[in-house]
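*Asks:* Predicted model, plus sequence, below.
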Amino acid sequence: MQNNRNKKVVVGMSGGVDSSVAAYLLKKQGYDVVGVTMQIWQDEAEEQKSENGGCCGLSAVDDARRVAESLDIPYYVMNFKQEFKCRVMDYFVEEYLRGRTPNPCIACNRYVKWESLLKRSLDIGADYIATGHYARIDKLPNGRFAVRNSVTAAKDQTYALYNLTQEQLKHTLMPVGEYTKEQIREIAEKAGLPVAHKPDSQEICFVPDNDYAGFIDREAGDRVPGPGNFVTAEGKVLGQHKGITHYTIGQRRGLELPMGERVFVTRIRPETNEVVIGKNEDIFATEVLCDKVNFMSVEDIVVPVRVKAKIRYNHGGEYCLIEKQGEDRVKCTFEKPVRAATPGQAVVFYDGEYVLGGGTIIGRV
């Protein structure tokens, strides 16, 4: 504990039980803990602010402040509205307009929670930042830092952290990764934290009603593509869709197509404003291409490597061979076909318990 005595850590406090317990655990370990909530909400009416109870809404600030008071640690609200708008919200809208399905949490982690918060934290003399993510960080024998699976597969959040840099990992603590959710709530209760039984937030924080298309319509205005055609892969028109921003690869519900059989979205063509419809078998692939690659547990790969890869947050993962295709592209050849590899989503590579790296899915090969 003595070694931590002079180490200052800024804990990103969302008002939830996980980040609250992270602050509690680090204080108990002897760190000089400072609590910070990131203000990311754009200008909105007061009644909306009170309703937005996501990870950074107004109620999050109230809850985080109460936790900080109970832990007797300094607490601040830092304004990151501009960074969040540019790096997360605008990115989210642009990706949907391109016919892709983005993961805003990954962008927020990389560019707001880490890049922006870490810089400000180091500027005020902190040694580390910390979060309530269910993941761990280890320094490997090769000298590199890597994200490691949490002790509980049920809550593991390593998928959304694959894009962090070595410098960011070097200055990050994730104490919650050593516990199960049940244990975290138990710790919170025993410590008397006021959020011990607060329910988890499920939705994307800036789309609390889960109406992605409505959000995009408001943000993009007249740039939103209107209705277009549902077509088969061969180009046969099947009917009209509401706009490409309403759909994602593998989607079955809400198509309203009287086909007499179950059909799915197999491709989105923004250039022609078409949504391609097919059968379930049409959305399986064995070869997937990704770009914007970030390697973590290794600096790079020069020969094909066998890894376990997840193509979405709740995907169990499948073994595949990854190989470089030029400077910033990787081809993943899966041993078993994967369903609905969706452009815009991340594919994350695992070497055992550790994140080897990952990238953004371009599409099937």
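*Replies:* The structure has been received and is ready for your questions.
*Asks:* for the protein, what spans make up the helices?
*Replies:* 17-28, 46-51, 58-71, 81-84, 90-97, 104-108, 117-123, 166-170, 181-190, 212-220 (DSSP state H).
*Asks:* Redo those as CSV? Include mean pLDDT.
*Replies:* Output for the helices of the chain, formatted as CSV (pLDDT from 0 to 100):
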stretch, mean pLDDT
helix 17-28, 97
helix 46-51, 43
helix 58-71, 91
helix 81-84, 94
helix 90-97, 96
helix 104-108, 93
helix 117-123, 95
helix 166-170, 97
helix 181-190, 96
helix 212-220, 93
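*Asks:* Mean neighbour count, these: which tops it?
*Replies:* helix 17-28 (a mean of 24; mean count of other C-beta atoms under 10 Å). (Glycine included, C-beta is placed from N, CA and C.)
*Asks:* Compute the inter-axis angle for that helix and helix 181-190.
*Replies:* Counting by axes from the mean of the first three to the mean of the last three C-alpha atoms, to 10 degrees, helix 17-28 lies at 60 degrees to helix 181-190.
*Asks:* other SSEs contacting helix 17-28?
*Replies:* strand 8-12, strand 32-39, helix 58-71, strand 128-130, helix 181-190 (3 or more C-beta pairs under 8 Å, 6 or more residues apart in numbering; DSSP states H and E).
*Asks:* just checking, what packs against the longest one?
*Replies:* When you say that, I think you mean helix 58-71. Secondary elements touching helix 58-71 (3+ C-beta pairs under 8 Å, 6+ apart): helix 17-28, strand 32-39, helix 46-51, strand 75-79.
*Asks:* closest one to V237 among those?
*Replies:* helix 46-51 (40.5 Å; C-beta to C-beta).
*Asks:* For the stretch 251-365 of the chain, give me the ranges with low pLDDT.
*Replies:* Residue ranges of the stretch 251-365 of the chain with pLDDT under 70: none are present.
*Asks:* Indicate which one of the helices and strands packed on helix 17-28 is closest to G352.
*Replies:* helix 181-190 (23.0 Å).
*Asks:* contacts for the closest one?
*Replies:* Residues from elsewhere that reach helix 181-190, judged by C-beta atoms under 8 Å, 6 or more residues apart in numbering: 17-18, 20-21, 24-25, 134, 152, 154-155, 176, 179, 195-197.
*Asks:* With only the CA atoms kept, save it in CSV.
*Replies:* This file holds the C-alpha atoms of helix 181-190, laid out as CSV (Å, rounded to 0.1, in the frame of the first residue of the first chain):
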residue,chain,number,x,y,z
LYS,A,181,-20.7,-8.0,-10.6
GLU,A,182,-22.2,-9.7,-7.5
GLN,A,183,-19.0,-9.1,-5.6
ILE,A,184,-18.9,-5.5,-6.7
ARG,A,185,-22.4,-4.8,-5.5
GLU,A,186,-21.5,-6.6,-2.2
ILE,A,187,-18.5,-4.4,-1.8
ALA,A,188,-20.6,-1.3,-2.5
GLU,A,189,-23.2,-2.3,0.1
LYS,A,190,-20.6,-3.0,2.8
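*Asks:* chain center to it: distance?
*Replies:* 24 Å (C-alpha atoms, centre = their mean, to the nearest Å).
*Asks:* Use 36 as the first number for this chain going forward.
*Replies:* With the count now opening at 36, the last piece we talked about shows up as helix 216-225.
*Asks:* tell me the contacts of A376?
*Replies:* Contacts of A376 (C-beta under 8 Å, 6+ apart): I284, A320, V323, I346, V382, I396, G398, R399.
*Asks:* from those residues, which is closest to E129?
*Replies:* I396 (16.2 Å).
*Asks:* From V310, how far out is that closest one?
*Replies:* Separation of I396 from V310 (C-beta to C-beta, to the nearest Å): 18 Å.
*Asks:* could you list every residue that touches the nearest residue to P372 once chain neighbours are set aside?
*Replies:* Leaving aside its sequence neighbours, P372 sits nearest to F319 (C-beta to C-beta, 6 or more residues apart in numbering; 4.0 Å). By C-beta under 8 Å, 6+ apart, the contact set of F319 is P372, V373, R374.
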